[in-house]
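how would this look folded up:
(chains A and B)
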Protein chains: 2
Amino acid sequence: MSGTDDRYAVLVERLRKVALLESCGSVLGWDEQTYMPSGGAAHRAEQLALLAGMAHQEATEPELGDLIGELEGEELGEPGGPRAANVREARRAYNRATCLPRRLVEEISRVTTLSQQAWVAARREKDFPAFLPFLEQVVVLKREEAAAIGFGDGGEPYDALLDHYEPGATSSWVDGVFSPLRAATVELLDAIRGSQVQPPVDILTRSYPVDAQREFGMAASKRIGFSFEEGRLDVAAHPFCSGFGPGDCRLTTRYDEHHFPGAFFGTMHESGHGIYEQGLDRQAFGTAMGVSCSLGIHESQSRMWENFVGRGDPFWIHLFSEAQATFPEALGQETRERFVAAINDVRPSMIRVEADEVTYNLHIMLRFELERALVDGSLDPADVPGAWNDAFTRDFGITPADDSEGCLQDIHWSAGLLGYFPTYALGNIYAAQFFVAADRAIGPLSEQFAEGEFGSLKEWLNREIHQRGRQCRADELVEVVTGDGLSHEPLVAHLRGRFGPLYDL
Amino acid sequence: MSGTDDRYAVLVERLRKVALLESCGSVLGWDEQTYMPSGGAAHRAEQLALLAGMAHQEATEPELGDLIGELEGEELGEPGGPRAANVREARRAYNRATCLPRRLVEEISRVTTLSQQAWVAARREKDFPAFLPFLEQVVVLKREEAAAIGFGDGGEPYDALLDHYEPGATSSWVDGVFSPLRAATVELLDAIRGSQVQPPVDILTRSYPVDAQREFGMAASKRIGFSFEEGRLDVAAHPFCSGFGPGDCRLTTRYDEHHFPGAFFGTMHESGHGIYEQGLDRQAFGTAMGVSCSLGIHESQSRMWENFVGRGDPFWIHLFSEAQATFPEALGQETRERFVAAINDVRPSMIRVEADEVTYNLHIMLRFELERALVDGSLDPADVPGAWNDAFTRDFGITPADDSEGCLQDIHWSAGLLGYFPTYALGNIYAAQFFVAADRAIGPLSEQFAEGEFGSLKEWLNREIHQRGRQCRADELVEVVTGDGLSHEPLVAHLRGRFGPLYDL
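Okay, here's the model as predicted:
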């Protein structure tokens, strides 16, 4: 066995080095979004391209491929166990990386860095034409990437991109998952639209001083288990979470004095991602056992803390009096019942990250439809605003007034993240399944939340999900953790259970 | 010639790549000092060690050495011109790098990252013993580095380190420069101590709200020519300036509500460094023509804006009424004369970065003495507090109450920057010579400052110093720019000219 042990140790060493180098890029990427002055964009693009190119070089060394090949033929402990999973995922990553020329990797890095800066300005100025040349470059490069990677029989180019974020997923599989969810969503939304209940949403646009929002959000983040000894919360144009590696995870959000939910639930959301990152097995850094299972599973964690926990009445049984003390002008005279109704207001709206739980998945399906068309070439980047507004009007019955609340609202395409959006709705589905399983195993959770106790859920997630890394695929993880196959039904049940009473359905 | 042109282009390409990689490390180093949570230190040390090791690998590739060797035998345009200087400095850097094993470079990077974090905590807790194990490691590694690099006949190990920061300088040369400066300083200080004048220093410890300090400092920084489109100002335990490359230069300072000069003159100082970085020839990034001449020349720029400009009466003729409007409680009833006297108070004090212009160089000479002894092995790291306090009492007539205002006050040793301190006093000497030359060429500067006009000095510095990069050595640059050889006399004349009238000497 000692030959195998040695080879395995060398493999881990090599994988760690790639991950370490990639994590340097994460620091530069975070800085780009948070603090970098605009004049630094061109140099930053060169820096990130170099790091991406060097990481790619390390990740595609023929010796690494040989090593993986040798280990694949050897005894690696229990089948499907940690070592076997690490070698399996090393193969997956190696094969994917070796499909891509270093030139393309560097070019994608360089272009998307500049493109993100252009997007920030274009979004601010509501100026799609200023962003279009960047979008065109990104789409060309991502199409090239998809073609280089390839896809399975009966598949399409988009699958090659999707698979990077949600290993094993394909467009047609996503179609199959989304289709019944869309039907159930439309049905629920129609019922809510027919309701006479009008949540008192004016509560949420009163004055919430930004400093107080920041303190309150950080306190909630800490309460649910995000460690600020090993993380931070900063401001960025688009909220995100970036795990730099063991002991350092960065969250961002954005504040609007007259919109309480944006920053607060954004912070809860990113904290959920951060709790996942902080819950990974740090000894396994650089290997499959030390990374998240998939972006969908990642999103299940953020959406669980944001929505299943944070928008529920039990959470506010615990927290509402603190909220009143923090925002006396806005909430001093309010009741918890009215506040909870307001934060659960359901209505078609423009901005995905601020959407309610019911309409949220429709936002995702729209993006899935459009980016799939961008990748297969049937949608020209120049036609995105029109296509967006048409689809939006079709699905939501309202039309964006400008592109900043339309196709320019999300950073993803500027960052080259095509194939990423479906993972958000998958995350909602996974979250519902996990939440049911957690409640069954360690519940009733609602009673714990009402007492400000979130530790048992966090520890359950640490144990059942975070510590498992990428040992199995997302749909397999759902089955391992919940005992059930993937299904949209728990999510629909959650939505009906939450919004039925609120809207007197 | 085309063979040479091609080879030269390849050389520049390689040098740029090294610089680009090093600049990634600068971003991580800046983040470490400004925003990194404490839990991230261990991972950051690994990241920085990897980057340092990879940059070292690129910088020591035998092909690079061969290329430099070929170009050294070829026609590179005018002797001493840009191409010749770039090749000369490429040789210098290559020789230095190839003396050092990659293992040592990585180890120094790793240890100094952790050591800086330990220093922050030890300084806060006034706990030298907690820092001692790190200092010991740093000294061992730097002695190893000095031994690997070597030094000239009649030199000493310290020279090998000093030469990295101030090319061409040696310990005995520094001795020769410092010795007459010390004598003149002690004489002036004695005269000031004998004066009846007592500057109204209580002015400076009134309430200066931190937010207002920040705004006021940034406005002054902008006024003298630092571009915030291409830079930032953040908070760090130890103020510094880090140029990330073209278009992105970061400054830091630290605020104390009850000590106005600390942050303000710190900001002016770092802005001086930043104006140098922003004034470099960005097309020449990565080559000698695109970097600062030496740390001493760098410091001449920071000390010029901090002291020669910022502590002068003309500057406050322009700015004092704005200061009064910004800090009405502290300054509303004050006169400019009293304020300028206060910011030029001369007295022995503990903290170097807050020292007056007269005693400042004594702080440097003390550090030079101690670190030289650390490097030659005659001072044991464990004995640093005692040696510091003895020397401090000898030179200043006062004794630090604890190590935080003694040997723990500066970040340098924790960061492995032994051999760096002398460049600060050299910077003062250079600054005085440059300031005289500038006044002769484009003055009278005092009239311009009184009208808030700083552009002509900045442009003169850009042209005469910044754009010259590392084309020649620091002492040569002084001669080229001023027409005179290196001399402490202009500095002494400046000090006498400024403090004579203030203290009725």
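
what about residue A:471, which helix or strand?
Following DSSP states H and E, one finds residue A:471 outside all helices and strands.

got any ranges where the stretch 301-450 of chain A has weak pLDDT?
Within the stretch 301-450 of chain A, no range satisfies pLDDT under 70.

how about the helices in the stretch 151-300 of chain A?
A:157-165, A:171-193, A:210-224, A:260-279, A:295-303 (DSSP state H, counting those that start in this stretch).

swap that for the stretch 1-150 of chain A, please
Under DSSP H, counting those that start in this stretch, the stretch 1-150 of chain A gives helices at A:2-34, A:41-59, A:62-72, A:82-99, A:102-125, A:128-149.

what angle separates the fourth one from helix A:128-149?
This means helix A:82-99. If you take axes from the mean of the first three to the mean of the last three C-alpha atoms, to 10 degrees, helix A:82-99 sits at 110 degrees to helix A:128-149.

which residues touch helix A:82-99?
Residues outside helix A:82-99 that contact it (C-beta atoms under 8 Å, 6 or more residues apart in numbering or on different chains): A:8, A:11-12, A:15, A:56, A:59-60, A:64-65, A:68, A:71-72, A:76-78, A:148-150, A:164, A:167, A:284, A:287-289, A:469-472. Every residue, glycine included, has its C-beta placed from N, CA and C.

could you redo the last one with a cut-off of 6 Å?
For helix A:82-99, the surrounding residues in contact (C-beta atoms under 6 Å, 6 or more residues apart in numbering or on different chains) are A:59-60, A:65, A:68, A:71, A:76-77, A:148-149, A:287-289, A:470-471.

for chain B, give me its nearest residue in the stretch 301-450 of chain A.
residue A:415 (18.4 Å; C-beta to the nearest C-beta).

for that residue, helix, strand, or coil?
Taken by DSSP: H, G, I helix; E, B strand; the rest coil, the conformation at residue A:415 corresponds to coil.

tell me the domain boundaries of chain A?
Per automatic domain parsing, the structural domains of chain A span A:2-149, A:171-502.

same list (these) but as JSON lines, adding mean neighbour count.
Below are the domains of chain A laid out as JSON lines (neighbours: other C-beta atoms under 10 Å in any protein chain shown):
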{"stretch": "domain A:2-149", "mean neighbour count": "19"}
{"stretch": "domain A:171-502", "mean neighbour count": "19"}
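
and those domains as TSV, adding distance to residue B:90?
Formatted as TSV, the domains of chain A follow (distance: least, C-beta to C-beta, whole Å):
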stretch	distance to residue B:90
domain A:2-149	19
domain A:171-502	33
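
just tell me which of these ends up closest to residue B:31.
Residue B:31 lies closest to domain A:2-149 among the domains of chain A, at 5.8 Å (C-beta to C-beta).

any idea of the mean pLDDT for that closest one?
Averaging pLDDT along domain A:2-149 gives 96.

how far does that domain sit from the chain's center?
Chain-centre distance of domain A:2-149: 18 Å, with C-alpha atoms, centre = their mean, to the nearest Å.

quick one on the thing from earlier: got CSV for the helices of the stretch 151-300 of chain A, with distance to residue B:140 too?
Shown next, in CSV, are those (distance: least, C-beta to C-beta, whole Å):
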stretch, distance to residue B:140
helix A:157-165, 45
helix A:171-193, 58
helix A:210-224, 40
helix A:260-279, 35
helix A:295-303, 43
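
re earlier: could you measure from the residue of the stretch 301-450 of chain A closest to chain B over to residue A:126?
The gap separating residue A:415 from residue A:126 is 20 Å, by C-beta to C-beta, to the nearest Å.

do the same with residue A:223
Distance of residue A:223 to residue A:126, computed by C-beta to C-beta: 38 Å.

pull the most distant pair out of the contacts of helix A:82-99.
A:77 and A:148 (33.7 Å).

list the contacts of residue A:174.
Residue A:174 neighbours (C-beta under 6 Å, 6+ apart): residue A:422.

before we move on, what about the one 10 residues further on?
Applying C-beta under 6 Å, 6+ apart to residue A:184 gives the contacts residue A:492.

which pLDDT value goes with the most centrally placed residue in chain A?
Against the mean C-alpha coordinate of chain A, by C-alpha atoms, centre = their mean, the closest residue is residue A:299 at 4.4 Å. pLDDT for residue A:299: 98.

not counting sequence-adjacent ones, nearest residue to it?
The spatially closest residue to residue A:299, leaving aside those adjacent along the chain, is residue A:427, at 2.5 Å (C-beta to C-beta, 6 or more residues apart in numbering or on different chains).
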